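K.L.:
Sequence first, then the predicted structure:
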Amino acid sequence: MAVDLQIRQEAYKTVNAARREKSLIPNSTCGLCGRPVNTIAHHPDYNKPLEVIWLCRRCHRRVHLNHPITPFVKEDMRTLRIKSSLTQEQLAKKAGLTTATVIAIENENRVPHFATRRALARALKVTVEELGFDGKVD
């Protein structure tokens, strides 16, 4: 069901104003998968602008695309990198990537191409599936 653009924009403005006034505080974990990251407001009903669910970018995208939500797996790329005693710079060099790319992927600002996933998996000595990018596409 398409929502009127003006109603959506008003809902966003209302949330942003409430956040500035500190009357609406985002959760530090995603309301669906439990991932401990910065969250964004999801409006199940734009006519109720302050009734939001705090979601990570991944789950917010999946909700809007009607994709299944997968629970947060503690073995994300950052955890695997740390377990391997690698810095972001070392992982980037080992995988043939830039440090900026590794940082962006770890911060969920970028979804890696499959070739990048394979390079990271090889560098971390895990399978591509263990990196937790299932279902994500660039």
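P.N.:
Arrived safely.

K.L.:
How is this structure partitioned into domains?
P.N.:
Domains of the chain are assigned by automatic domain parsing as 5-65, 77-131.

K.L.:
what would those look like in a markdown table with mean neighbour count?
P.N.:
In this view, the C-beta of every residue, glycine as well, is placed from N, C-alpha and C. Output for the domains of the chain, formatted as a markdown table (neighbours: other C-beta atoms under 10 Å):
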| stretch | mean neighbour count |
| --- | --- |
| domain 5-65 | 15 |
| domain 77-131 | 16 |
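
K.L.:
In TSV, list those domains along with mean pLDDT.
P.N.:
Formatted as TSV, those follow (pLDDT from 0 to 100):
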stretch	mean pLDDT
domain 5-65	86
domain 77-131	86
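
K.L.:
how about the helices in the protein?
P.N.:
Assigned by DSSP state H, the helices in the chain fall at 5-20, 57-65, 77-83, 88-95, 99-106, 114-124.

K.L.:
From Leu131, how far out is the nearest residue to Thr127 once chain neighbours are set aside?
P.N.:
Spatial nearest neighbour of Thr127, chain neighbours left out: Ala121 (5.9 Å); criterion: C-beta to C-beta, 6 or more residues apart in numbering. Distance, Ala121 to Leu131, by C-beta to C-beta, to the nearest Å: 6 Å.
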